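# pasting the structure only:
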């Protein structure tokens, strides 16, 4: 398996039955590895991952079926509010790891370290990440947001 390969576009735009937003298609291997067996059995065809932060649904089927975050085997970082907030499922990095490194060093090497692991073939995003996609976009977004928070806090403190 190869990480960070974009999924084919053009599938039906099926909205989440809870929030109405259109999620991204989720592969069978992803859904099987993330959901508890009972929830997996209830999820209908063509599963999709719901990326809406405030929606309790993680996956939903084209038939309106759904699986909530409490039916997952892992913490779904985008759906959680309390630490630890996972951002990289293959290598275990959290939002707190990013913030700690920025505070201690002024920069963050986590994205570069993940990139090196991906290049070495050591990731399994399609199985470990609830979205089924590479985490690098989320990691880079978290780094950028943390830098902005720290700059803003520094300006207020001066």
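Yep, that arrived. Since the structure is predicted, the reported quantities are computational estimates derived from the model, not experimental observations. Numbers count the residues shown, from 1 in each chain.
# how does the chain divide into domains?
Under the assignment automatic domain parsing, the domains of the chain span 14-73, 79-158.
# for residue 72, what are phi and psi?
phi -100, psi 150 (degrees, to the nearest 10).
# who does it bridge with?
residue 35 (DSSP bridges).
# give me the pLDDT for it.
Model confidence at residue 72, given as pLDDT, is 97.
# for it, what are its contacts?
34, 35, 36, 39, 58, 130 (C-beta atoms under 8 Å, 6 or more residues apart in numbering). Yep, even glycine has a C-beta here, placed from its N, CA and C like the rest.
# how about the contacts made by the closest residue to the third one other than its chain neighbours?
In space, residue 36 comes closest to residue 71 once its chain neighbours are excluded; the distance is 5.4 Å by C-beta to C-beta, 6 or more residues apart in numbering. Residues touching residue 71, when contacts are defined by C-beta under 8 Å, 6+ apart, comprise 35, 36, 38, 39, 58.
# what comes up buried for the longest helix belonging to the chain?
If you go by DSSP state H, the chain has its longest helix at helix 136-157. Neighbour-count burial for helix 136-157 flags 136, 138, 139, 140, 142, 143, 146, 147 (criterion: 16 or more other C-beta atoms under 10 Å).
# so can I have CSV of these showing distance to residue 27 and pLDDT?
Below are the buried residues of helix 136-157 laid out as CSV (distance: C-beta to C-beta, whole Å; pLDDT from 0 to 100):
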residue, distance to residue 27, pLDDT
136, 18, 96
138, 18, 94
139, 21, 97
140, 23, 97
142, 24, 96
143, 27, 97
146, 30, 94
147, 32, 93
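# what are the phi and psi values at the spatially most central residue of the chain?
Taking C-alpha atoms, centre = their mean, the centroid of the chain lies closest to residue 131, which sits 5.2 Å from it. Per-residue torsions, residue 131: phi -80, psi -20 (degrees, to the nearest 10).
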